[in-house]
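Participant: Sequence plus the predicted model coming up.
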Amino acid sequence: LRGKWMGWRGLPRSLVPGSPRRRYRKEALPAPEAPVLPVTATEIRQYLRAHGIPFQDGHSCLRAPSPFLGAAQLKEQAGAATSFSLFINKTTGRFLCMTSLAEGSWEDFQASVEGRGDGDREGILLGEGPGAEDSEEIRRIWDRALPLWELPDAEEAKLARVMFGLTQVTDDTLKRFSVRYLRPARSLVFPWFSPGGLGLRGLKLLGAEGQGDGVRYVETTIPRPGAYHNLFGLPLIGRRDVEVVLTSRELDCLALNQSTGLPTLALPRGTACLPPALLPYLEQFRRIVLWLGDDLRSWEAAKLFARKLNPKRCSLVRPGDQHPRPLEALNRGLNLSRILRSALPAWHKSIVSFRQLREEVLGELSNVEQVAGVRWSRFPDLTRLLKGHRKGELTVFTGPTGSGKTTFISEYALDLCTQGVNTLWGSFEISNVRLARIMLTQFALGRLEEQLDKYDEWADRFEDLPLYFMTFHGQQSIRTVIDTMQHAVYVYDICHVVIDNLQFMMGHEQLSTDR
Ligand SMILES: Nc1ncnc2c1ncn2[C@@H]1O[C@H](COP(=O)(O)OP(=O)(O)OP(=O)(O)O)[C@@H](O)[C@H]1O
């Protein structure tokens, strides 16, 4: 069956979101967050108390009555348990009103409470829906996609099931999760419905390409990955559900829900990140099991996400031979409920015995290659020397002035970033525009100034990289820089921070006295 699939390459051009006819956007980079004024949970609590706003303490957010509701919504909510519909993130202060979907920064919230919000409060901060162009594309694709069991050609449906590993997943499960299939793109289509049944907000297309003996999956989202915040499976979660299993792929979510009957969700960008914007939707759960995948990277991601979700309510399924990812477990006839029961608590006491560590140590010993970190794809010699990029380590790169440090480090970081290592740059010496130009040229493997017609295409791909830039230039206070890094680590799950270079960040005086 796979033979038929070979040779097919990605989506037809017309279905690729963000094709070159896209409007020109001013920023070629993911919008660099302006340096943030950090706020602490204590300050948020103090502020709410000082303004007489009642609140409840949640796992990762504070809940308060929403000032962003219209009269009708207020009436609807009166007396309901959900009247505390405003969720304020304890780490960043960003808020989301679950009823009106208004969202904004801590400063926006304060401005609104103090009557400084511009215009009337209601609606001004409404979470952006898809742009008109995206909406049209979303609707067009969704209308053309069919449920798998309605495909006119039974052979084609069978082939699709084999390619996506769905032979054990029933039509009923696919129906429950509203999964469709787009024939021209040979892709599964996973919908993103707005909470509260407000319609279709986005789509994820999952294509499968035959590659040697295996299959390579290609994901495309509308809107683009940075704005794709769908927790797949959310419409099936009941208000009273207090337990959930988090997975990193929609297919795993289907497999788990089918075989255990438990509420199950899939993260929009897999193990790459857990955007804090999703935390309010997970507040209702007293217990969260993370079953993200079958490799060490998924395990690392699970530990990182558990910290954000509050480790006290999280358990983690440890990858291992008998713990593959959920879809594979289903296909191998394993008992998924039993695997879930073996999940380990994420919360470590301050003192542990070796007994609690032995499983993790075994994991490290049996995955020596993965423990070595992410290898550079273009620098085999570097991989030979350093083995790979590992989190929590510091590398100092030195060389004479003008010897090519910036040029090399941007290649080095780009290599990792294209493999999914979330990267934060602090370019204290050269401007971000110049740095991005260097990196974009390296990314495109050619001189874009000679082929400007290709600019948008490359810029679009570059924009989707998990790459962020601090907006500092020249000497900075270390405190401000560290605060910004911490913020980026929380919001974007940054695993690699590049500082170019230390002298410019700290100023010569500090360095010479601080040797
Ligand atoms: N491998 C290379 N081959 C040819 N030219 C290079 C190479 N690497 C860097 N260059 C060029 O050398 C110049 C200096 O490079 P770069 O700015 O990366 O050096 P640097 O060590 O970071 O400098 P500084 O010490 O001023 O920070 C640039 O014009 C760059 O394009």
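Facilitator: It's in.
Participant: next one: phi and psi at the residue in the stretch 101-250 of the chain that the ligand sits nearest to?
Facilitator: Closest residue of the stretch 101-250 of the chain to the ligand, Cβ to the nearest ligand atom: residue 226 (28.2 Å). Just so you know, the C-beta spots here come from the backbone N, C-alpha and C atoms, and that holds for glycine as well. With angles defined as degrees, to the nearest 10, residue 226 sits at phi -60, psi -30.
Participant: ok, now how distant is it from residue 422?
Facilitator: Computed as Cβ to Cβ, to the nearest Å, the residue 226 to residue 422 distance reads 12 Å.
Participant: who's more crowded, those two?
Facilitator: Shown here are residue 226 and residue 422; by other Cβ atoms under 10 Å, residue 422 has more neighbours (20 against 17).
Participant: Now do the same contact list for the nearest residue to the more buried one once chain neighbours are set aside.
Facilitator: Computed as Cβ to Cβ, 6 or more residues apart in numbering, the closest residue to residue 422 that is not its neighbour in sequence is residue 466, at 4.1 Å. Listed by Cβ atoms under 8 Å, 6 or more residues apart in numbering, the contact set of residue 466 reads 272, 273, 417, 420, 421, 422, 423, 492.
Participant: cool, residue 406 as well?
Facilitator: Residue 406 sits in contact with 429, 430, 435, 438, 500, 501, where contact means Cβ under 8 Å, 6+ apart.
Participant: mind checking the SS state of it?
Facilitator: The three-state assignment at residue 406 reads helix, by DSSP: H, G, I helix; E, B strand; the rest coil.
Participant: With residue 359 instead?
Facilitator: Residue 359 is classified as helix under three-state DSSP.
Participant: Closest residue of the stretch 251-400 of the chain to the ligand?
Facilitator: For the stretch 251-400 of the chain, Cβ to the nearest ligand atom, closest residue to the ligand: residue 399, 5.5 Å.
Participant: Which of the three states applies to that residue?
Facilitator: Secondary structure, three-state DSSP: residue 399 is coil.
Participant: pretty sure it contacts residue 405?
Facilitator: Yes. Residue 399 is within contact range of residue 405, at 5.0 Å (criterion: Cβ atoms under 8 Å).
Participant: the more surrounded of these two?
Facilitator: residue 405 (16 against 9).
Participant: check contacts around that one.
Facilitator: Per Cβ under 8 Å, 6+ apart, neighbours of residue 405: 397, 398, 399, 500, 501.
Participant: Compute the distance between the third one and residue 478, please.
Facilitator: Translated: residue 399. 24 Å.
Participant: Could you chop this protein up by domain?
Facilitator: Domain assignment of the chain by automatic domain parsing yields the ranges 1-34+128-230, 41-113, 240-371, 380-513.
Participant: okay if I get those as JSON lines plus mean pLDDT?
Facilitator: Shown next, in JSON lines, are the domains of the chain (pLDDT from 0 to 100):
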{"stretch": "domain 1-34+128-230", "mean pLDDT": "76"}
{"stretch": "domain 41-113", "mean pLDDT": "84"}
{"stretch": "domain 240-371", "mean pLDDT": "90"}
{"stretch": "domain 380-513", "mean pLDDT": "88"}
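Participant: Kindly export stretch 454-469 (C-alpha atoms) in PDB.
Facilitator: Taking Å, rounded to 0.1, in the frame of the first residue of the first chain, the C-alpha atoms of stretch 454-469 are listed here in PDB:
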ATOM      1  CA  LYS A 454      11.900  34.500  -2.900                       C
ATOM      2  CA  TYR A 455      12.000  36.700   0.200                       C
ATOM      3  CA  ASP A 456       8.500  36.100   1.400                       C
ATOM      4  CA  GLU A 457       8.700  32.400   1.000                       C
ATOM      5  CA  TRP A 458      11.900  32.100   3.100                       C
ATOM      6  CA  ALA A 459      10.700  34.700   5.600                       C
ATOM      7  CA  ASP A 460       7.600  32.700   6.100                       C
ATOM      8  CA  ARG A 461       9.500  29.600   6.900                       C
ATOM      9  CA  PHE A 462      12.000  31.500   9.000                       C
ATOM     10  CA  GLU A 463       9.100  33.100  11.000                       C
ATOM     11  CA  ASP A 464       7.800  29.600  12.000                       C
ATOM     12  CA  LEU A 465      11.100  28.700  13.600                       C
ATOM     13  CA  PRO A 466      11.100  28.700  17.500                       C
ATOM     14  CA  LEU A 467      13.400  31.700  17.500                       C
ATOM     15  CA  TYR A 468      13.100  34.800  19.600                       C
ATOM     16  CA  PHE A 469      15.200  37.900  20.000                       C
END
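Participant: Confirm residue 181 sits in a helix?
Facilitator: No. Per three-state DSSP, residue 181 lies outside any helix segment and is strand.
Participant: Number of residues surrounding it?
Facilitator: Residue neighbour count, defined by other Cβ under 10 Å, stands at 23 for residue 181.
Participant: Now intersect the contacts of residue 466 with the helices, please.
Facilitator: Among those, the ones falling in helices (DSSP state H) are 417, 492.
Participant: Just the buried ones from the contacts of residue 466?
Facilitator: Buried members of these, scored by 16 or more other Cβ atoms under 10 Å, are 272, 273, 417, 420, 421, 422, 423, 492.
Participant: Run through the bridge partners of residue 86.
Facilitator: residue 64, residue 97 (DSSP bridges).
Participant: repeat for residue 102
Facilitator: residue 126.
Participant: from memory it sits against residue 68, does it?
Facilitator: Yes. With contact defined as Cβ under 8 Å, residue 102 reaches residue 68; the gap is 3.8 Å.
Participant: Now stretch 403-412 - C-alpha only, CSV.
Facilitator: Provided in CSV are the C-alpha atoms of stretch 403-412 (Å, rounded to 0.1, in the frame of the first residue of the first chain):
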residue,chain,number,x,y,z
SER,A,403,37.3,36.2,13.3
GLY,A,404,33.7,35.1,12.6
LYS,A,405,32.3,34.4,16.0
THR,A,406,28.9,36.0,15.3
THR,A,407,28.7,34.4,11.9
PHE,A,408,29.5,30.9,13.2
ILE,A,409,27.4,31.1,16.4
SER,A,410,24.3,32.1,14.3
GLU,A,411,24.9,29.0,12.1
TYR,A,412,25.4,26.9,15.2
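Participant: So which bits of the chain are right by the ligand?
Facilitator: Contacts of the chain with the ligand, taken as Cβ under 6 Å from any ligand atom, map to 399, 401, 402, 403, 404, 405, 406, 407, 429.
Participant: The third one: neighbour count?
Facilitator: To tie it back to what came earlier, the one meant is residue 402. Per other Cβ under 10 Å, the neighbour tally for residue 402 reads 7.
Participant: please begin residue numbering at 8 from this point
Facilitator: Okay, using 8 as the starting number, the last item reads as residue 409.
Participant: list the buried ones in stretch 483-492?
Facilitator: Quick answer for stretch 483-492 (16+ other Cβ under 10 Å): 483, 488, 491, 492.
Participant: Can you list the neighbours in contact with that stretch?
Facilitator: By Cβ under 8 Å, 6+ apart, the list of residues contacting stretch 483-492 reads 42, 43, 45, 431, 433, 435, 477, 479, 501, 504, 512, 513.
Participant: same check, this time on stretch 427-441
Facilitator: 36, 39, 279-280, 381, 396, 413, 420, 423-424, 442, 472-483, 488, 492, 495-496, 499-508, 511-512.
Participant: Can I get stretch 162-177 in CSV? Just the C-alpha atoms.
Facilitator: Extracted C-alpha coordinates of stretch 162-177, given in CSV (Å, rounded to 0.1, in the frame of the first residue of the first chain):
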residue,chain,number,x,y,z
GLU,A,162,-9.2,1.3,-1.0
GLU,A,163,-8.2,5.0,-0.4
ALA,A,164,-9.7,5.0,3.0
LYS,A,165,-7.9,1.8,3.9
LEU,A,166,-4.6,3.2,2.7
ALA,A,167,-5.1,6.4,4.7
ARG,A,168,-5.8,4.4,7.8
VAL,A,169,-2.6,2.4,7.3
MET,A,170,-0.5,5.5,6.6
PHE,A,171,-1.7,7.3,9.8
GLY,A,172,-1.6,4.2,11.9
LEU,A,173,-5.3,4.4,12.5
THR,A,174,-6.3,0.7,11.8
GLN,A,175,-7.4,0.2,15.4
VAL,A,176,-9.1,3.6,15.7
THR,A,177,-12.9,3.3,15.2
